[in-house]
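Trainee: what's the 3D shape of this:
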Amino acid sequence: MTRSFIAAAALLSLAACQSGPEGPGGTARDAPGEAFSDIGVDETVTFTGTEPFWGGEVTGQSLTYSTPENIDGTTIAVERFAGNNGLGYSGSLDGQPFDMTVTPGECSDGMSDRTYPFTVTLRIGEEQRHGCAWSEDTPFSGPANP
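Mentor: Numbering: from 1, shown residues only. This is a model prediction of the structure:
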């Protein structure tokens, strides 16, 4: 069983927890059984999380992950999987599996007055984190500089 398959299974189980036909901005989501298409293949997705602070961005098959200890970040190759209600990105960071899912849903980082259109679940090795994300075509709302 490959890591991509595991990430896809996790993404599909997250999708089952989502409810309602509306996606970000009140747009209709893809029909059941169709791959998620709210974020284009070459569109940049920016993500952020707290406790501990982390973030980065992914475009295509390149993901940069940063922390306060590594502000410039580490860039890794990732595989992208479009599931039923979101995206999965899988790769390896410092020798550990890196699996991230991005799903539609209003999200707050708890630190700013921003509202983000996507939620993020990140797993690095055995550690799981939660955060928020936005894309070029689906931005956050609120102040540009929190």
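Trainee: Give me the nearest residue to Val58, chain neighbours excluded.
Mentor: Distance criterion Cβ to Cβ, 6 or more residues apart in numbering; nearest residue to Val58, sequence neighbours excluded, is Val45 at 5.1 Å. Any C-beta I mention is one placed from the backbone N, CA and C, and that applies to glycine too.
Trainee: List the residues that contact the one you found.
Mentor: Counting by Cβ atoms under 8 Å, 6 or more residues apart in numbering, Val45 makes contact with 39, 57-59, 87, 102, 118, 133-135.
Trainee: how about 10 Å then?
Mentor: Neighbour list for Val45: 39, 56-59, 63, 80, 87, 89, 100, 102, 118, 120, 133-136, 138 [criterion: Cβ atoms under 10 Å, 6 or more residues apart in numbering].
Trainee: Please flag which of the residues you listed sit within strands.
Mentor: 56-59, 63, 80, 87, 89, 100, 102, 118, 120, 133-135 (DSSP state E).
Trainee: Give me the buried subset of those residues.
Mentor: Burial by neighbour count, 16 or more other Cβ atoms under 10 Å: within those this picks out 56-58, 63, 80, 87, 89, 100, 102, 118, 120, 133-135.
Trainee: Where does the prediction get shaky in the chain?
Mentor: Low-confidence segments of the chain (pLDDT under 70): 1-32, 146.
Trainee: Now for Pro143, how many residues are close by?
Mentor: Pro143 has 9 neighbours, counted by other Cβ atoms under 10 Å.
Trainee: A helix includes it, no?
Mentor: No - looking at Pro143 with DSSP: H, G, I helix; E, B strand; the rest coil, it is coil, so not inside a helix.
Trainee: Please name the residues that touch it.
Mentor: Counting by Cβ under 10 Å, 6+ apart, Pro143 makes contact with 112-114.
Trainee: What about these, which one has the most neighbours?
Mentor: The most crowded member of the contacts of Pro143 is Arg114, carrying 18 neighbours; neighbours defined as other Cβ under 10 Å.
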